[in-house]
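Engineer: Let me see the structure of the following:
(4 chains)
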There are 2 protein chains.
Amino acid sequence: MFTDKLQLLLVEDDLDLATAVIEYLELEGILCDHSANGSAGLNLILLNRYDAVILDLNLPKMNGLQVCESLRLQGLDVPVLMLTARDTLNDKLDGFAKGADDYLIKPFAMEELIVRIRVLSRRRSGQAMRLTVADLILDLQQKQAFRNGVGLKLSPTAFKILDVLIRASPNPVSREKLMQSVWGDDQPDSNSLKVHMFNLRKHLDGNQELKLLHTVSGHGFAIKDNQ
Amino acid sequence: MFTDKLQLLLVEDDLDLATAVIEYLELEGILCDHSANGSAGLNLILLNRYDAVILDLNLPKMNGLQVCESLRLQGLDVPVLMLTARDTLNDKLDGFAKGADDYLIKPFAMEELIVRIRVLSRRRSGQAMRLTVADLILDLQQKQAFRNGVGLKLSPTAFKILDVLIRASPNPVSREKLMQSVWGDDQPDSNSLKVHMFNLRKHLDGNQELKLLHTVSGHGFAIKDNQ
DNA sequence: GTACGGGTTAAGGAGAGGTTAAGATGGGGG
DNA sequence: CCCCCATCTTAACCTCTCCTTAACCCGTAC
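Structural biologist: Sure thing, here's the model as predicted:
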């Protein structure tokens, strides 16, 4: 199945806790950047593309609620898990109101943190083996895509690209992200992606009335059923 | 596509609790079906298309873990929130391992249940950060603007300008501010902004009865629905 | 009149994106 | 062992969108 390494950010000013978390994550094969204050954390989030963010609330410079609110206002939908000792109902409701996706109370078990992060960073939920958008179905077990029930003949690379796109649907995915998830770190220095997109589009939308693969100028490509 | 009412399923054998939850959800404008045992619940999930499922674990016929595992095996990615009195770490880990998206321990606050459900179903339906004025919607993740639900075809620059204007709405934004936020410090020495405003107005208000983009003489431009 | 704030239009160029074909690669079947 | 096939990479070339620029147009204020 599709397991590039997760890339997280931990924003936490308690350095002991931070190193403990990061070491634990590394054992699980998860990469984790760290920032000790709110505004630096926000900058990192804006600059990089994390799969999820673990956000403490009591932070110097800018507190966690402000960080979360700010990044949501800028249109980022990176999953955010708030991590805090504040355990009243109102604290939780505040957190969710500012755009959190999950809220875990200290002290917590590392295993629970990991598993909640894993769930969050799978954009489409669960161990679902079939993803669908409109009349397009992606069967991950069969490694096969269908439109209106008829199988599409896709190359392995095209399939992988479609997988990434459909998980992000209806949001666009940047070229960089696509290249990252197809080739990892040693990327071809040519316009290979262009060719793959062309082939994918041909097989996916070629003889269909309803076009699903759209290019979003300046931002990348998106799978969606409205224009 | 836009905020239709949420449609949930609650699988819970404690009838008192179930009616309490359902009544509370109704007050929030959320529709909720109910099933009192596992296998009936599973059938409902397979038949209908719920936005999320609230799943008790101790159930007659088929327990919650089995229900969740089974529906994941059948390729459904509906968000599942497990609701149970079992509060040990291993219980939680089991729940997530079977495909849960969230795990809430009884007794719980209704408000927290609601807000967690809202987050789960929002992620899945891709609805997210949106700025709106009247019938104009700016979806920051899709990088797409809508009027009355139909997508507008905006250039990247036009989109950026609209973003600034809509955040300031209903207040006007000066030309200098607009130029600053589009081009930063090296600005074109021509009337480029004028042209972009013209194009934005054409695409935004061109064939609409209700004009949203107004010129505030001497002060710049404003997005608002009353002139 | 003319100067000014604002609106409208069209041309041109740069660059993003689309298309095509040829060679490289690599695995499976004869 | 060799050939065939699907796939991937590369590079060349084409198309078209988007941005800039510079016109010109219209009112109103001076």
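
Engineer: In three-state terms, label residue A:103 for me.
Structural biologist: Under DSSP: H, G, I helix; E, B strand; the rest coil, residue A:103 falls in the strand class.

Engineer: what's the helix or strand of chain A with the lowest mean pLDDT packed up against?
Structural biologist: Across the helices and strands of chain A, mean confidence by mean pLDDT, DSSP states H and E is lowest for strand A:130-133: a mean of 79. Packing partners of strand A:130-133 (3 or more C-beta pairs under 8 Å, 6 or more residues apart in numbering or on different chains; DSSP states H and E): strand A:136-139, helix A:156-168. To be clear about C-beta, it is placed using only N, CA and C from the backbone, and glycine gets the same treatment.

Engineer: Swap in 10 Å and give it another go.
Structural biologist: Contacts defined by 3 or more C-beta pairs under 10 Å, 6 or more residues apart in numbering or on different chains; DSSP states H and E place strand A:130-133 against strand A:136-139, strand A:144-147, helix A:156-168.

Engineer: Export the ones you listed as JSON lines, with columns for distance to residue B:93, mean neighbour count and mean pLDDT.
Structural biologist: Below are the helices and strands packed on strand A:130-133 laid out as JSON lines (distance: least, C-beta to C-beta, whole Å; neighbours: other C-beta atoms under 10 Å in any protein chain shown; pLDDT from 0 to 100):
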{"stretch": "strand A:136-139", "distance to residue B:93": "28", "mean neighbour count": "20", "mean pLDDT": "88"}
{"stretch": "strand A:144-147", "distance to residue B:93": "32", "mean neighbour count": "18", "mean pLDDT": "90"}
{"stretch": "helix A:156-168", "distance to residue B:93": "24", "mean neighbour count": "20", "mean pLDDT": "91"}
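
Engineer: returning to that earlier point: who touches the least confident helix or strand of chain A?
Structural biologist: Residues from elsewhere that reach strand A:130-133, judged by C-beta atoms under 10 Å, 6 or more residues apart in numbering or on different chains: A:123-124, A:137-142, A:145-146, A:162-163, A:165-167, A:169-170, A:212, A:223-225, B:74-77, B:126.

Engineer: Quick check, residue A:66 in contact with residue A:58.
Structural biologist: No - checked against C-beta atoms under 10 Å, the pair residue A:66 and residue A:58 is beyond contact range at 11.8 Å.

Engineer: Which segments of chain A make up each domain?
Structural biologist: A:7-121, A:130-223 (automatic domain parsing).

Engineer: Of these, which shows the lowest average pLDDT?
Structural biologist: Ranked by mean pLDDT, the domains of chain A bottom out at domain A:130-223, with a mean of 89.

Engineer: near DNA strand D, anything from that one?
Structural biologist: Yes - residues of domain A:130-223 are located near DNA strand D by C-beta under 7 Å from any atom of the strand, namely A:153, A:155-158, A:183, A:188-192, A:194-196, A:217.
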